[in-house]
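Undergrad: quick one, structure for this:
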Amino acid sequence: MDFAVVDLSRLQFALTALYHFLFVPLTLGLSFMLVIMESIYVMTRRPIWRTITRFWASLFGVNFVLGVATGITMEFQFGMNWSYYSHYVGDIFGAPLAIEGLMAFFLEATFVGLMFFGWDKLKPVTHLFVTFLVALGTNLSALWILIANGWMQNPVGSTFNPETMRMEVTDFMAVLFNPVAQAKFVHTVSAGYVIAAVFVLGISAFYLLKGRHKGFAKRSMTVAAAFGLAASLSVVVLGDESGYALTDNQKMKLAALEAMWRTEEAPAGLTVFGFPSLQDRETHYEIKVPYALGLISTRSLNGEVMGILELVAVAEDRIESGVLAYDALEKVKADPADPALRGAFEVHRNDLGYGLLLKRYVADPREATPEQVKLAAWSTVPDVPLMFWSFRIMAGIGFAMIALFATAFVLCTLRKHETRWFLWLAVLAIPLPWLAAEFGWLVAEVGRQPWAVEGVLPTFLGASSLTVPQLWTTLIGFTLFYGTLAVIEVGLILHLIKKGPFAEQEAFAPRPAAPGTPLPGAATAPV
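TA: From the prediction side, this is the model:
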């Protein structure tokens with residue numbers, strides 16, 4: 001196989017996923033902020049809250065369109081760039097994506113038009129319900145996509161069928177209630193709420209700095225402060241739950257993001273700072289908090305967190321078992337009716353994926369040398385420095401967001417919205433949660449490597465039979481196209497912000513008469 005094709009396919013999917021994830025979190029959070037703002041309007045019937053809701057809805061609409069456009073391209077890539085992956089696990093992976101389209105996407109797509117164009121045609125309570133359905137649809141969409149992604153991280157409720165040579169569903173409820181998927185969903189959605197709250201807070205602060213639309217900005221800022229504080233606290237708490245899920249299901253990912261090379265005596269310490277080195281397999285100049293990692297990841301004083309070196313040794317054993325599974329599978333294919341051969345396969349079937357790791361080094365895993373087995377075992381270690389620093393940047397920004405929103409909440413409570421140093425801070429903080437979300441995606445996806453599906457299918461086996469020129473052509477095309485869309489979206493958002501929340505009312509308001517112009521209906525005196 002051509003590993004340049006695999007690497008370019010991975011690069012293309014990574015770039016489109018990172019780009020797509022710029023829009024998704026804002027859509028998730030802003031949709032429910034619209035529900036909160038419109039609920040206040042329905043309860044108070046004050047026109048200012050209708051104006052507030054409609055303004056933020058216009059920014060939501062621009063972002064929603066770009067999110068849909070980029071998401072469709074990502075789904076097409078499963079068939080175009082990852083055809084063997086789609087063939088091998090499509091029976092499981094495709095089901096949540098199909099449900100997402102039927103249940104969630106159609107729900108939000110149906111009601112988003114009513115939300116934008118139904119203000120003067122629907123009763124206020126009915127329109128609020130429509131807005132809620134749009135918010136529900138966007139969040140259900142994230143749920144089903146993360147169920148699919150969670151299965152890739154922790155492939156429960158499925159088994160390999162030697163007759164069809166594919167993975168098949170055995171327990172859909174196990175796929176649905178996968179602990180990794182549920183933890184990822186609540187953590188990701190909470191991160192989206194933080195992004196939306198920072199977006200609203202920052203733009204409101206910008207208006208206050210400019211001395212424009214003060215009543216609108218102060219009310220929006222108050223909603224963002226309360227919503228953002230709750231969301232930022234949730235991100236940290238639910239992130240801890242997501243880390244706890246790694247202890248049982250993705251031990252190598254946990255060891256890599258902590259740069260924990262060797263198993264420590266329980267409870268293990270948490271590395272706050274250090275420089276991990278792949279060459280000497282050490283973390284230099286590390287600063288540790290004693291016992292913290294063991295307490296966080298195992299919720300106990302005696303739970304063990306395995307180190308990278310010990311996990312590599314486990315991987316070696318599983319690769320050797322996987323070779324036996326591969327050998328038994330080849331014999332079952334030759335004689336499917338022999339129960340002894342089926343029995344031999346059943347003993348080692350759970351390690352078949354580890355045996356397939358050897359295909360990176362040798363065509364037939366049964367011919368692998370001990371050195372190739374060691375190489376395959378070390379290939380299960382993701383990029384430790386990238387994991388280590390990505391996680392710390394993400395976590396650092398997460399704690400910074402708590403401080404930001406706690407300060408905003410106190411200032412709004414004291415009615416000191418126009419504290420200038422904080423307004424500048426709020427504007428400058430706008431990109432930070434997006435940065436944290438992108439690093440979080442890197443931790444989740446790079447940490448799973450070398451697997452497309454953890455322990456089941458190596459990434460390099462899932463790629464399509466494409467050529468390097470084909471991939472470069474599409475990669476350049478996507479970059480240019482998405483770059484153009486990014487410029488258009490930023491331009492539209494800046495245009496809407498410049499116009500302000502009262503642009504519609506100002507457009508239809510009567511213009512003041514020029515000096516000397518008679519008022520309508522007034523008699524004209526004869527010369």
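
Undergrad: for the nearest residue to residue 333 once chain neighbours are set aside, grab phi and psi.
TA: Computed as C-beta to C-beta, 6 or more residues apart in numbering, the closest residue to residue 333 that is not its neighbour in sequence is residue 162, at 7.4 Å. Every C-beta, even on glycine, is put in place using the N, C-alpha and C of the backbone. Main-chain torsions, residue 162, degrees, to the nearest 10: phi -70, psi -20.

Undergrad: would you agree residue 162 is in contact with residue 330?
TA: No. The criterion here is C-beta atoms under 8 Å, and residue 162 misses it with residue 330 at 10.2 Å.

Undergrad: so which of these two has more stuff around it?
TA: Using other C-beta atoms under 10 Å, the more surrounded residue of residue 162 and residue 330 is residue 162, with 19 against 14.

Undergrad: which residues does that one contact?
TA: For residue 162, the contacting residues are 329, 332, 333, 336, 342, 345, by C-beta atoms under 8 Å, 6 or more residues apart in numbering.

Undergrad: check residue 129 too.
TA: Per C-beta under 8 Å, 6+ apart, neighbours of residue 129: none.

Undergrad: next one: it from residue 114, what distance?
TA: 10 Å (C-beta to C-beta, to the nearest Å).

Undergrad: got it, and residue 173?
TA: 34 Å.

Undergrad: how about the strands in the stretch 251-400 of the chain?
TA: 270-277, 282-289 (DSSP state E, counting those that start in this stretch).

Undergrad: same deal with the chain?
TA: With DSSP state E, the ranges of strands along the chain come out as 158-161, 166-169, 270-277, 282-289, 451-453, 457-458.

Undergrad: for the first one, buried residues please.
TA: For strand 158-161, a neighbour-count test (16 or more other C-beta atoms under 10 Å) marks 158, 160 as buried.

Undergrad: the stretch 151-300 of the chain: helices as residue ranges?
TA: 172-176, 179-210, 214-249, 251-257, 292-298 (DSSP state H, counting those that start in this stretch).

Undergrad: residues contacting residue 204?
TA: Per C-beta under 8 Å, 6+ apart, neighbours of residue 204: 216, 217, 218, 220, 221, 224, 426.

Undergrad: neighbour-wise, which of the residues you listed leads?
TA: residue 224 leads the contacts of residue 204 on contacts (other C-beta under 10 Å) with 30 neighbours.

Undergrad: now do the contacts for the closest residue in space to residue 397 that isn't next to it in sequence.
TA: Leaving aside its sequence neighbours, residue 397 sits nearest to residue 436 (C-beta to C-beta, 6+ apart; 3.9 Å). By C-beta under 8 Å, 6+ apart, the contact list for residue 436 reads 191, 393, 394, 397, 398, 401.

Undergrad: circling back: quick one: which of the contacts of residue 204 is nearest residue 197?
TA: Distances from residue 197 to these, taken as C-beta to C-beta, are shortest for residue 224 (4.7 Å).

Undergrad: mind listing what that closest one touches?
TA: Applying C-beta under 8 Å, 6+ apart, the residues near residue 224 are 33, 197, 198, 200, 201, 204, 408.

Undergrad: count of residues packed around the last one?
TA: Read that as residue 408. With other C-beta under 10 Å as criterion, residue 408 counts 28.

Undergrad: again, but for the first one
TA: Residues contacting residue 33 under the criterion other C-beta under 10 Å number 25.

Undergrad: can you check the fifth one too?
TA: Summarising burial for residue 201: neighbours were counted as other C-beta under 10 Å, giving 30.

Undergrad: hmm, back to that, and the contacts of residue 436, which two are the farthest apart?
TA: Longest span within these, C-beta to C-beta: 191 and 393, 13.6 Å.

Undergrad: between these two, which has more neighbouring residues?
TA: residue 191 (29 against 18).

Undergrad: do you know the pLDDT at that one?
TA: pLDDT recorded at residue 191 is 92.

Undergrad: residues in contact with it?
TA: Applying C-beta under 8 Å, 6+ apart to residue 191 gives the contacts 25, 235, 433, 436, 437, 440.
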